[in-house]
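[1] Provide a 3D model corresponding to the input given below.
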Amino acid sequence: MNDALKGKTFEESMVETAELIQPNDGNHLGNVFGGKVLSMIDLTGAMAAMRHCRTIVVTASMDRVDFRHPIRIGTLAIVKARLNGAFRTSVEVGVDIFSENPLTGACCKTCTALVTYVALDNKGRPTPVPPLICRTPQEVERQRAAEERKRQRDQERPRESCPNGF
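    Residues are numbered from 1 along each chain as shown. I've put the predicted structure just below:
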């Protein structure tokens, strides 16, 4: 078997990043811009997907983004990404963002997201991804739930071709 397609555990692809929210990241209410949050989600999620696939990935969809609480200027945004499921040429990544007060350590989950990435070969075509190794009942359920969401996405996706021949 090709080592690149050898199964990997959930832990092997996990990514955690942190960023101090600066005034230029925020709006007039003192909260981080939603677009900044989406960028943090996409970048950290892509890192987790690349760690699993060990190839370039592109964002295929952001199925769900739930903004639960604002992230205030001056706090730390802790972004955690973990694979939910691996499919033929794509992976689904769950991303959670926490706001942490750097002076007190108080922490609050502020946002959750589900993002799908497609793995690409060196010619820019979709390429197979390694399977996920599920070691616990929770991981088996996580993969199963991701498979169900993928089935729903595939049914809902319109089948259109681009008029420019892409």
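[2] for this protein, which strand is longest?
    strand 107-120 (DSSP state E).
[3] Please report how far the most centrally placed residue in the chain lies from Phe87.
    Nearest residue to the geometric centre of the chain (Cα atoms, centre = their mean): Gly45, 3.0 Å. Relative to Phe87, Gly45 is positioned 15 Å away (Cβ to Cβ, to the nearest Å). The C-beta positions use only the backbone N, C-alpha and C, and glycine is treated the same way.
[4] Please compute how far the host helix or strand of Arg149 lies from its chain's middle.
    Using DSSP states H and E, Arg149 sits in helix 137-156. Taking the mean of its C-alpha atoms, helix 137-156 sits 15 Å from the chain's own mean (Cα atoms, centre = their mean, to the nearest Å).
[5] If you count neighbours, what's buried in it?
    Neighbour-count burial for helix 137-156, with 16 or more other Cβ atoms under 10 Å as criterion, is recorded at 139, 142-143, 146, 149-150, 153.
[6] between these, which is closest to Pro131?
    Proximity of those to Pro131 (Cβ to Cβ) peaks at Gln143, which lies at 9.2 Å.
[7] Show me which positions of stretch 32-44 end up buried.
    Going by neighbour count (16+ other Cβ under 10 Å), the buried part of stretch 32-44 is 32, 36-38, 40-42, 44.
[8] what does that stretch rub up against?
    Stretch 32-44 has contacts (Cβ atoms under 8 Å, 6 or more residues apart in numbering) with 15-17, 19, 21, 25-27, 59, 62, 65, 67, 70-73, 77, 79-81, 95, 97, 111, 113, 115.
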